[in-house]
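Asker: Test case, fold it:
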Amino acid sequence: MVEKKRKNGGFTLVELIVAVALFAIVIGPLFRAFSSSIQANSRARGVLKATQMAQSVLDNIERYNVQELRDDMPYADVAGNILPLGCGTVTFARTTHDTDEVKLLFTGVHYQDMNLNVVADITKGGTVNTNTGNKYFMYAVNVWVYMNKGAGASLSGDCLVHLTGSVQNKD
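Answerer: Residues are numbered from 1 along each chain as shown. This is a model prediction of the structure:
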């Protein structure tokens, strides 16, 4: 009696290698697109948090005039009143070029799981209402938020957010 060979329904090694190669060709670009979207999403979340921080600083600066921020307010109060709550221990520096300009530098800010440096520059400019004779001062406020990349890191080139605003006060 003659035995018939039964056909096995499996794949050959060559077919399996071709299938894996085609799978890699299709999945490779998808994986790269997925990983780049994760990075972009992470960066966007960081920019959003930095924008929230900068907006909070702008809002808090509106409560004060340049003279208060320049001279009258102690260092600890400036950091506690200008930065949002829960920023941890912050190193603070204040420079004044004259009575019309104040620069506040907050380093080591920990905000929503991010380590940041925040610079707030407040410049006073004036105008007089010719009808009433009242003097009005416009404070231009610039806030920059940088990633804190450790000790000695530069504040240039790694800015996440730069917001500008203004506050008008009557003198």
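
Asker: Show me the shaky parts of this structure.
Answerer: Where the chain drops to pLDDT under 70, the residues are 1-8, 65, 67, 71-72, 97-99, 126-128, 136, 150-157, 168-171.

Asker: May I see the buried residues of stretch 78-94?
Answerer: 78-79, 82-83, 87, 90, 92, 94 (16 or more other CB atoms under 10 Å). In short, each C-beta sits where N, CA and C put it, glycine included.

Asker: likewise stretch 53-73?
Answerer: Buried residues in stretch 53-73, counting neighbours by 16+ other CB under 10 Å, are found at 53-58, 60-61, 64-66, 69-70, 73.

Asker: What of stretch 129-137?
Answerer: Buried, per 16+ other CB under 10 Å, within stretch 129-137: residue 137.

Asker: end to end, how far does it reach?
Answerer: 11 Å (CA to CA, to the nearest Å).

Asker: how distant is the host helix or strand of residue 46 from the center of its chain?
Answerer: Under the criterion of DSSP states H and E, residue 46 resides in helix 13-61. Its chain's C-alpha centre and that of helix 13-61 lie 18 Å apart, by CA atoms, centre = their mean, to the nearest Å.

Asker: May I have the phi/psi pair for residue 160?
Answerer: Phi and psi for residue 160, reported as degrees, to the nearest 10, are phi -80, psi -40.
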